[in-house]
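**Student:** The following comprises the amino acid sequence and a computationally predicted model.
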Amino acid sequence: MFLQKLPPELAYKDADALNVVIVVASIAVLTLRQRYPLTVLACVLAGEIALTVLDYPPAAGDILAFLIAVYTVAAHRGLAHSALGGVIALAAFFFMISHINEVTLAEQITNVALLIGVWWLGRGLRLRRAYLAELEHRAMRLERARGTDARAARVEERSRIARELHDVVAHHVSVMTVQAGAARRILDKDPERTREALSTIEEVGRTALSEMRRIVGVLRTERDAEPSGRELAPQPGVHDIGGLVDQVRETGLSVQLWIEGELRPLSPGVDLAAFRLVQEALTNTLKHAGPQARAWVRLNYGDRQLTVDIEDDGRGVAAALGDNGDRPGHGLVGMYERVALYGGELRIGPRKGGGFEVRARFPLEA
C-alpha cells in the first residue's frame, strides 16, 4: 500500500486514463470530508483497493488522500464512528497487503504505525477541541451564575434596606405623631409639658434622620461616601431595648420590660432582628391599640433560644392589621422575614384576654 513491491517476474501496469480517474476521484472526494467523513473514507478506500487489484502503481496523491480521510474521521466524529473508521482502514490495509508479495514485516509494522498515528492525532485534536469547548461553556455558565447571584444579592440588599427604613420611619414618625397630638391638646393648658413634648419630637426626629442617613449611606459609592462617625455607628441591639421602651413611655403608653435568664452575647443579626421586632411591635401598639392600652415586653434567655414576647391589651388584631382586613402590612411581613432569616419562629395574633401578641423564638446556636 504505502510501500508496495511486486515480484521480479511481474511489473506494474502503465498509468492510463482509468488510473488517473481513480486517483483524481480519490483526491476530489476529500472536499466533502468534514460533512461526510465516513463516506469519504469508504470512497478513498475503494479507490485504493481498485488500484491494488488492478496492479496500478502507487501514487503519492492517493496515499495522502487515504491518510487525510482516516485523520478526518478521527477528528470530526465521536469515539464509536472514529473507531469504526479506524478498524475499516486497518482491514482494508491488510487486504491490500495480502495482494502484494515481498512486503517485509518491518514495512508492515511501519505502515500500521503510521496509520494508527494519524488516527490518534485526529482523535487527540477532537478531544482537545471538546475540552476547550467545555471550558468555554463552563465559563459562560459561571458568568450567568455570577450574574444571577449578583441580582439575588441586590434583591436581598434592597429588601434589607426596605425593612430597615420601614422600621425606622414607622417607629419614629409614630412617636412624633403621638407627641405632636398631645402637645396640641395641652398647648394652652400646660405650656411646660408642651415644651417637653416638642423637645421629644425634635430628639426623635434627629434620631430618625441619623438612622436613615446611616441606612441610605450603604447605597453610596465609596467616592460619594463621607467619613462620618454617625455612618460608622453600630447597629442597635437588645441592649438598646431599654432606651426604646423609655422613648415609647414618653408618648404616654404604659410599657413594662422584663429580661429573664442569663444574659449572653448574640450574633449581630439576631441582636438587630430582636431590637427591630420589639420596635415594630411597639410602633403597632402606638398606632392601633388605643389611648388606654398597656404593653409588656419580655426577653427570655433559654438554654438554646431567645424568646421575645410583646403584648398589649388594646383593641386587638383587627385594629393592628389596619384597613387591609386580613392582609398583613409591610411591617408584619418584615417581622416574618427577619425572624425566618435567622432560623427562628414567629407568632402574631390575638392575645388571650384581649389585645395583641407578637412572640418570636431565635435559636442561640448557629
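**Tutor:** Received it, and whenever you're ready, just let me know what you need.

**Student:** Would you state the helices of the chain in chain order?
**Tutor:** According to DSSP state H, the chain carries its helices in the segments 17-28, 37-53, 60-76, 79-98, 105-185, 191-216, 241-249, 268-288, 317-321, 330-341.

**Student:** out of those helices, nearest to Glu311?
**Tutor:** Relative to Glu311, the nearest member of the helices of the chain by CB to CB is helix 268-288, separated by 8.8 Å. No exception for glycine: its C-beta is placed from N, CA and C like everyone else's.

**Student:** which residues are in contact with stretch 269-280?
**Tutor:** Residues outside stretch 269-280 that contact it (CB atoms under 8 Å, 6 or more residues apart in numbering): 163-164, 167, 170-171, 235-238, 240-241, 244, 266, 297, 299, 306, 308, 310, 331, 334-335, 338-339, 341-342, 344, 358, 360, 362, 364.

**Student:** Once you drop chain neighbours, what's closest to Thr251?
**Tutor:** Val178 (4.2 Å; CB to CB, 6 or more residues apart in numbering).

**Student:** I figured the one you found hits Leu286, correct?
**Tutor:** Yes - between Val178 and Leu286 there is a contact at 5.8 Å, judged by CB atoms under 8 Å.

**Student:** hey, what's in contact with both of the two?
**Tutor:** Common neighbours of Val178 and Leu286 (CB under 8 Å, 6+ apart) are Thr251, Leu253.

**Student:** And stretch 338-357, how far out from the chain middle?
**Tutor:** Put simply, stretch 338-357 sits 32 Å off its chain's centre (CA atoms, centre = their mean, to the nearest Å).

**Student:** Can you list the buried residues in that stretch?
**Tutor:** Buried residues in stretch 338-357, defined by neighbour count with 16 or more other CB atoms under 10 Å: Arg338, Val339, Tyr342, Gly344, Leu346, Ile348, Arg351, Gly355, Phe356, Glu357.

**Student:** quick one: contacts for the nearest residue to the second one once chain neighbours are set aside?
**Tutor:** Of all residues not flanking Val339 in the chain, Leu346 sits nearest, at 4.1 Å (CB to CB, 6+ apart). By CB under 8 Å, 6+ apart, the contact set of Leu346 is Met335, Tyr336, Val339, Ala340, Val358, Arg359, Ala360, Arg361.

**Student:** Can I get the buried part of these as one PyMOL selection?
**Tutor:** Buried residues among those (16+ other CB under 10 Å), as a PyMOL selection:
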select buried, resi 335+339+358+359+360+361
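
**Student:** Just the buried residues out of the contacts of stretch 269-280, in ChimeraX syntax.
**Tutor:** Restricted to buried positions by 16+ other CB under 10 Å, the ChimeraX selection for the contacts of stretch 269-280 reads:
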select :163,164,167,170,171,236,237,238,240,241,244,266,297,299,306,308,310,331,334,335,338,339,342,344,358,360,362,364
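
**Student:** Kindly state the beta-bridge partners for the residue nearest to Val339.
**Tutor:** Note on Leu346: beta-bridge partners by DSSP bridges are Ala360.

**Student:** Which pLDDT value goes with it?
**Tutor:** If you check Leu346, the pLDDT there is 91.

**Student:** Please apply the same query to the one 4 residues further on.
**Tutor:** In the prediction, the pLDDT value recorded for Pro350 is 89.

**Student:** got the contact list for the residue nearest to Thr251?
**Tutor:** Per CB under 8 Å, 6+ apart, neighbours of Val178: Thr251, Gly252, Leu253, Leu286.

**Student:** I'd like these written out as JSON lines, with distance to Gly78 added.
**Tutor:** Shown next, in JSON lines, are the contacts of Val178 (distance: CB to CB, whole Å):
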{"residue": "Thr251", "distance to Gly78": "77"}
{"residue": "Gly252", "distance to Gly78": "82"}
{"residue": "Leu253", "distance to Gly78": "77"}
{"residue": "Leu286", "distance to Gly78": "73"}
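
**Student:** neighbours of Ala150, just the number please.
**Tutor:** Ala150: 10 surrounding residues under other CB atoms under 10 Å.

**Student:** Just the pLDDT for it.
**Tutor:** 75.

**Student:** try the one 4 residues further on
**Tutor:** Residue-level confidence at Arg154 comes out at 71, pLDDT.

**Student:** next one: the one 10 residues further on
**Tutor:** According to the predicted model, the pLDDT of Glu164 comes to 70.
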